[in-house]
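> I need the structure of the sequence given here:
(2 chains)
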Amino acid sequence: MTRALLIRFGEMLFVAFGVSVITFLLIHLIPGDAAQIMLGAADASPEKIAALRTKLGLDRPLVVQYALWIGHALTGDLGNSIWTGRPVLDEILGRVGVTVEITVLGMSVAIILAVPLGCLMATMRSSTSDYVMRVVSIAGVTIPSFWLGTMLIYGTSAYLPWFQAVGWVPFGESPAGNLQRMILPTIALALPAVAALSRVVRAAMLEALGQDYVRTARAKGITEARVVFTHALRNALIPFTTAVGIMLGYQFGGSVVIEQVFALPGLGRLMVGAITERNYPLIQAAILLATVVFVVVNFLVDVLYLAIDPRARG
Amino acid sequence: MNRNPILWLGFALVALQAFAAAFAPWLTPYEPNGQDILARLQGPTWEHWLGTDNFGRDVLTRALHGYRTMFTISAVSVMGALAIGGTIGVAAAWRGGWFDDVAMRLMDVLFAFPIILLAIGIIAVLGPGAFGTAIAIGVVYTPIFARILRAPTLLLKETEYVAAATSIGSTDWRIMRVHLLPNLAPVILVQASLSLSTAILVEASLSFLGLGTQPPTASLGRMLAESRNFLALSPWPAAFAGVAILLAALGFNLLGDGLQDRLDPRLRSRQ
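Just a heads-up that it's a prediction; the model follows:
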C-alpha cells in the first residue's frame, strides 16, 4: 500500500512539474515580442517595451526565467495583472469561488442522480430498452450545456417571469438568492454528466452482477436489494470513481463556458476577458492553478481507489 | 441493418450533415451574410424554413455554412491529433525503453490539463480564430490517441506473426504498414469518431465564447452566442443553432458507439 502510494505521489509530482513547464512555455510561444503585444502596438515606446521586458524577466535565459517564475509561484506570487497591477492570485481567488460552486453543485447532483439511475438501467435488460437507453444516454452526453442553459433561460423568462435566471449574488449576502440563481446553471451542467455517469454505473453493474460472488450471495439466499446494493454496487463504484475524477476536469471546463451564459462572475469570464486584454500573466496563473488542483484531485481519487480496491495495491 | 440500428442511425446523421456541409452554398437560395432587414427575427416560414436572425439573415443558410466551419475545424484537428498522437503511441510501444517512458510521460502531462483550459491557453497564444481553434483542439486530443493506440500495439508486438515478420528481416515501416495498421484500424475508427463528437462540442464552446471562428464567417457556436441578445424577441435562431450542434455531435457519437459494437464483439456484452 505504502509503496503504491509513493509511486502515485511521485507520478503526481512529475505531472505537476510538467504542467508548470508547459504553462510557463506558453507565453514564450507567442509569435513576436510578448512585451510589445501586451502593451499594444499603438502607444508603446521602445523604452516602455524594454522596461516591461526587464520587469517580466524576458531578457534572461529561459531556464533562469522558469526557475524564478516557479520559485515565486511556490511562494504564492504568480505575478501581477498587466492591466490592474494587482497580484493575479488575488484576482483569481476573487473569482474562482463561483466556478467551484457551479462545478461542485453540478457534479454532486450528477452523482446523486446517476447512481440510482444506472442501477435501475442495469435491471432493464431487453434488447429494445437497451437500444433506447443507449440512444437517450448518448444524446444526453452530447447536449451542449451552454445551449441547454440558454434554452432554460428562455423557458423560465417566458413561463416563470418571477424567476431570477441570470446574474449572481454573493452567498454571504443572500444564501437563498445565491442558490436560486445556481439552479439553472446546475441543471445545465449536471444533465450531460448524469447521462455519462449513469452509463458508467450501468455497465459496471452489469459486469459486477455477472460475477461469481454475486451468484454466491444469491445462493446464500440474501435479498436481491442486498445483492445489488452491498455486493454489486460496491464493486461497480470502482470504475465509477475513476469516471468521476476524469469528469471533474471536464465539468470545470463546462462551468467556465456556462458562466458566460448566466453572466456569473467566475474564472471563465475572467480568462476570456484576459485573452482580449492580452493579460498573459493572469491566463498563465489561472491555467497553472486549475490544472495543478486537478492533478492533486486525481491523485486523491487514486488514493481512494487504493482504499476501495485491495487489488490495486499490488 | 436490424442488427445494429445505432451504427446506422449514426451513419445516417453523419452522412446527411456532411452532405449539407459540403453542398451548403447550393442548398438554399440565400447568402450566409445576405441581409434582409425587413424580414428580420421571423420564425419558421416557407421562405425561411428555420426563420431569420436580427439582421434578417436566413438561419438555415447560416447553420449549413456553420456546419462547414465546424466540420472542417474538427476534422482537421482530430486528423492532426491522430497522425501525431497515434504515431507517438505506436512508436512508444514499438521502441519501448526510455523513448516509451519520455513520450508517454509527456502525454500524461498534456492529458492532465482540463480540455477547455488548455484550449483557452493555446488560443491566448495564437489569437482567437479558426487556426488557433484547430491547433488547440489538435493538441488537446493528441495524448488521447497516443494512449489509445499504445496499448493494442504492445499486444500486437508480442504476436507470432509480428515476431515472424521481424525474424525474416521486415523493416519496421513494413511491419507497421502491413501488420500493425490493419489491426489498429478498428481502434482508430472508433476513437476518431468519438473524438470528432467531442471535438465538435469543444469547437462550438470556443466559438460560443468568442474565441473561435471570427465574424462574418458563420459558426454555430457564435450564432448561439449572438442570438442570446434577442432571445426574448425570437428564440428560434438560438434553438436551431443548438440543435444543429447537438445533431452533429450525436451523429459521430452514435457512429463511434455503433462501430465499437460492430468491430469489437467482445465489448458487446458490456453495453
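> can you tell me which residues contact residue 252?
Using chain A here. With contact set as C-beta atoms under 8 Å, 6 or more residues apart in numbering or on different chains, residue A:252 has these partners: A:99, A:103, A:290, A:294, B:114, B:116-117. All C-beta spots, glycine's among them, are computed from the backbone N, C-alpha and C.
> meant chain B actually
Taking C-beta under 8 Å, 6+ apart as the criterion, residue B:252 is in contact with B:10, B:14, B:193-194, B:196-197, B:200.
> before we move on, back to that, from the contacts of residue A:252, list the buried ones, please.
For the contacts of residue A:252, a neighbour count by 16 or more other C-beta atoms under 10 Å in any protein chain shown gives the buried set as A:99, A:103, A:290, A:294, B:114, B:116-117.
> would you turn the contacts of residue A:252 into CSV with secondary structure?
CSV is the format used below for these (DSSP: H, G, I helix; E, B strand; the rest coil):
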residue, secondary structure
A:99, helix
A:103, helix
A:290, helix
A:294, helix
B:114, coil
B:116, helix
B:117, helix
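> Which pLDDT value goes with the residue nearest in space to the middle of chain B?
Against the mean C-alpha coordinate of chain B, by C-alpha atoms, centre = their mean, the closest residue is residue B:196 at 2.2 Å. Listed pLDDT for residue B:196 reads 93.
> Can you tell me the element it falls in?
Using DSSP states H and E, residue B:196 falls within helix B:181-208.
> I'd like the average pLDDT over stretch A:107-123.
pLDDT averaged over stretch A:107-123 gives 89.
> Just the C-alphas of it, formatted as CSV.
Extracted C-alpha coordinates of stretch A:107-123, given in CSV (Å, rounded to 0.1, in the frame of the first residue of the first chain):
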residue,chain,number,x,y,z
MET,A,107,-21.2,17.3,-10.1
SER,A,108,-23.0,16.4,-6.8
VAL,A,109,-26.4,16.5,-8.5
ALA,A,110,-25.0,14.3,-11.3
ILE,A,111,-23.6,11.8,-8.8
ILE,A,112,-26.8,11.7,-6.7
LEU,A,113,-28.9,11.0,-9.8
ALA,A,114,-26.5,8.8,-11.8
VAL,A,115,-26.0,6.0,-9.2
PRO,A,116,-29.7,5.0,-8.7
LEU,A,117,-30.5,5.7,-12.4
GLY,A,118,-27.5,3.5,-13.5
CYS,A,119,-28.6,0.7,-11.1
LEU,A,120,-32.2,0.9,-12.5
MET,A,121,-30.9,0.9,-16.0
ALA,A,122,-28.9,-2.3,-15.2
THR,A,123,-32.0,-4.1,-14.3
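> got the buried residues for that stretch?
So, applying 16+ other C-beta under 10 Å, buried residues of stretch A:107-123: A:107, A:109-111, A:113-115, A:117-119, A:121-122.
> cool, stretch B:91-110 as well?
Within stretch B:91-110, judged by 16+ other C-beta under 10 Å, the buried ones are B:91-94, B:100, B:103-104, B:106-110.
> Can you tell me what sits against that stretch?
With contacts defined as C-beta under 8 Å, 6+ apart, stretch B:91-110 is touched by A:11, A:14-15, A:18-19, A:21-22, B:85, B:88-89, B:118, B:139-140, B:142-143, B:146-147, B:149-151, B:153-154, B:157, B:172, B:176.
> before we move on, back to that, got the buried residues of stretch A:107-123 as JSON lines, with secondary structure columns?
Below are these laid out as JSON lines (three-state DSSP):
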{"residue": "A:107", "secondary structure": "helix"}
{"residue": "A:109", "secondary structure": "helix"}
{"residue": "A:110", "secondary structure": "helix"}
{"residue": "A:111", "secondary structure": "helix"}
{"residue": "A:113", "secondary structure": "helix"}
{"residue": "A:114", "secondary structure": "helix"}
{"residue": "A:115", "secondary structure": "helix"}
{"residue": "A:117", "secondary structure": "helix"}
{"residue": "A:118", "secondary structure": "helix"}
{"residue": "A:119", "secondary structure": "helix"}
{"residue": "A:121", "secondary structure": "helix"}
{"residue": "A:122", "secondary structure": "helix"}
